[in-house]
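Chemist: The following comprises the amino acid sequence and a computationally predicted model.
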Amino acid sequence: MKLLDGSLVAAHYKEKIKEEVKSLISQGSKKPHLAAILVGNNPASEAYVGAKVRTCEEIGFASTLLRLDAQIDEARLLKEIAALNENKDVDGILVQLPLPKHIREASIINAIDPSKDVDGFHPVSIGKLVLGQDTFLPATPYGILLMLSYYGIDLSGKHCVVVGRSNIVGTPMSILLSRNNAYGNATVTLTHSKTKDLKAHCLQADVIIAAIGIPYFLKADMVKEGAIVIDVGINRIEDASKKSGSRLVGDVDFDAVAPQCSYITPVPKGVGPMTICGLMQNTLNAVKNKR
Ligand code: NDP
């Protein structure tokens, strides 16, 4: 079993991006600028946005973090997005999800200028992705592709089972893997909570991408010998042995599943850091697209 080390791979890509930023600046370009919007103070969202802002600093990007009150109404939030769309210094915009229940996520995502949609959630980005056109790929699937490419893992002809069909992970992942291109050409089964006999599907998989949001969901008896397992899940569970009283675990029962895998991602330090890489690469691409 080989561990797919998200921290190591992310460091590699971040270094590459940092070098490219230096070279762009030496050619007279400005720093890539990522603007993040955080509505409310959900602790997980705070942690994710904090990590994104820190990464910007690390790799030479400018960043703006707009903190907005949880009570903000949709119209006001749309105005903030319009201002960032207009701001010529801002190359990429991300709105940290989830948003409070009274705000319609789709209306906010749809308002982002597609040329600044570095999270890759806008319908224009997703439409282009489906058609195989150049676009911003959603950051988590993009990060997973970067990781597979780093390790030279070719999925062509492989049977991939994606568990979970969210708009931000499962669905775009399933489409990307099934495209006829360098990283795709897999045969993909997209599964969800209404799938009958999920275990039978998973047992046929050469590759399982788990994006469910249930701790330890994927058990050893659902995974065939030699499979590749990518664990997208980030779930906080109680752990009295930790100072904080909790810890992060994935959607895969890692200790039981890992021994029978050819490759597996850990949680934390698996897909999480790669998602940030996908976002940073998209932001750099946003700058390059303008040149
Ligand atoms: P969503 O909650 O949006 O979607 C979960 C999906 O899992 C749904 O499609 C749901 O099916 C499916 N599902 C739920 N229960 C079952 C079940 N019993 N059997 C089969 N499928 C099931 O989740 P996200 O995609 O947003 O996130 C998934 C996980 O990944 C979470 O832990 C999240 O924190 C994490 N995450 C991690 C990221 C990273 O960078 N590592 C980035 C984004 C998310 P249905 O559609 O039928 O309801």
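Modeler: Looks like it came in fine.
Chemist: C-alpha from now on. contacts and neighbour counts both.
Modeler: Will do.
Chemist: Quick check: the gap between residue 153 and residue 145.
Modeler: Residue 153 sits 9 Å away from residue 145, going by C-alpha to C-alpha, to the nearest Å.
Chemist: who's more crowded, those two?
Modeler: For residue 153 versus residue 145, neighbours defined as other C-alpha atoms under 10 Å are more numerous around residue 145 (19 against 13).
Chemist: could you say which helix or strand contains the more buried one?
Modeler: Residue 145 belongs to helix 139-150 when elements are defined using DSSP states H and E.
Chemist: Likewise for residue 177?
Modeler: Counting by DSSP H and E, residue 177 is part of helix 170-178.
Chemist: Near the ligand, which residues of the protein are found?
Modeler: Within the chain, the positions near the ligand by C-alpha under 6 Å from any ligand atom are 140, 163-166, 169-170, 192-194, 211-213, 232-235, 271-272, 275.
Chemist: hey, where'd the helices end up in the stretch 101-250 of the chain?
Modeler: Remark: helices assigned in the stretch 101-250 of the chain by DSSP state H, counting those that start in this stretch are 105-111, 123-131, 139-150, 170-178, 198-203.
Chemist: Show me which residues of the helix holding residue 145 are buried.
Modeler: 139, 140, 141, 142, 143, 144, 145, 146, 147, 148 (16 or more other C-alpha atoms under 10 Å).
Chemist: Apart from its neighbours in sequence, what residue is nearest the fourth one?
Modeler: Counting by C-alpha to C-alpha, 6 or more residues apart in numbering, residue 142 lies nearest to residue 278, which is 5.3 Å off, once chain neighbours are set aside.
Chemist: For the one you found, which three-state class applies?
Modeler: State at residue 278, reduced to three classes by DSSP: H, G, I helix; E, B strand; the rest coil: helix.
Chemist: Provide a list of residues in contact with it.
Modeler: Each residue near residue 278 by C-alpha atoms under 8 Å, 6 or more residues apart in numbering is listed here: 137, 138, 139, 140, 142, 143, 146.
Chemist: farthest pair in those?
Modeler: 138 and 146 (12.2 Å; C-alpha to C-alpha).
Chemist: returning to what we had before: please list only the buried members of the residues of the chain next to the ligand.
Modeler: Taking 16+ other C-alpha under 10 Å as the criterion, what is buried in those is 140, 163-165, 169-170, 211-213, 232-235, 271-272, 275.
Chemist: what about the strands in the stretch 151-291 of the chain?
Modeler: 159-163, 187-191, 207-210, 227-231, 235-238, 246-249, 261-264 (DSSP state E, counting those that start in this stretch).
Chemist: how's the chain carved up into domains?
Modeler: Annotated domains of the chain cover 29-114, 139-272 [automatic domain parsing].
Chemist: Deepest-packed of these, please.
Modeler: domain 139-272 (a mean of 19; mean count of other C-alpha atoms under 10 Å).
Chemist: centre of the chain versus it, how much separation?
Modeler: The chain centre lies 12 Å from the centre of domain 139-272; the measure is C-alpha atoms, centre = their mean, to the nearest Å.
Chemist: before we move on, what about stretch 269-281?
Modeler: 6 Å.
Chemist: What mean pLDDT does that stretch get?
Modeler: Stretch 269-281 shows a mean pLDDT of 98.
Chemist: Next: stretch 58-78.
Modeler: 98.
Chemist: Identify the residues contacting stretch 120-128?
Modeler: 109-110, 112, 114, 117, 134-139, 167-168, 172.
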